[in-house]
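J.: requesting a structural model of the entry that follows:
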Amino acid sequence: MIKKQIRFKYKKGYRFERRVMELLKKAGCYSIRAGKSSFPDICAITGTGEPVFIECKNRAKIPFDPIKLLSKEEYRNALELVKANNTPFILAFNKKGKIIGVCVGGKGIHLLYKLGFR
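T.: Below is the predicted model of the structure:
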């Protein structure tokens, strides 16, 4: 029983990641999904050659501050990626069926609408 619940949650997250990848594809990006719950979930390259890291969270309840969806370790790793690579890091989450994007670390805000995030 517990195994089925874990598998269901994994499939639910996988489907959301695929939706985000489709959104990126429509925006002209090339994206790769990292398997086995690695961090970040998706690495993408925009049409202009700019790399972007994306972490996907598909939760029923979204806190007022969506950054709190990330664990402390994930948040620390996201900031390190932004600082080390000077690359945008986007947190993508599902809110009432819409894919919402939030930039972590202040870089890449210009990319959100360009990539189709709301």
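J.: quick one: the strands in the protein?
T.: 30-33, 42-45, 51-57, 89-95, 98-104 (DSSP state E).
J.: just the CA atoms of stretch 67-79, as CSV, please.
T.: Coordinates of each C-alpha in stretch 67-79 appear next as CSV, following Å, rounded to 0.1, in the frame of the first residue of the first chain:
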residue,chain,number,x,y,z
ILE,A,67,10.3,29.9,-1.8
LYS,A,68,9.3,28.0,1.3
LEU,A,69,8.5,25.1,-0.9
LEU,A,70,12.2,24.5,-1.1
SER,A,71,14.0,22.8,1.8
LYS,A,72,16.8,24.7,3.4
GLU,A,73,19.3,22.5,1.6
GLU,A,74,17.6,23.0,-1.8
TYR,A,75,17.5,26.8,-1.2
ARG,A,76,21.2,26.8,-0.3
ASN,A,77,22.0,24.7,-3.4
ALA,A,78,19.9,27.0,-5.6
LEU,A,79,21.7,30.1,-4.4
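J.: tell me how far that stretch lies from the chain's centre.
T.: In terms of CA atoms, centre = their mean, to the nearest Å, the centre of stretch 67-79 is found 12 Å from the chain centre.
J.: what sits against Leu23?
T.: The neighbourhood of Leu23, defined by CB atoms under 8 Å, 6 or more residues apart in numbering, consists of Ile99, Leu115, Gly116, Phe117. For glycine as for every other residue, the C-beta is placed from the backbone atoms N, C-alpha and C.
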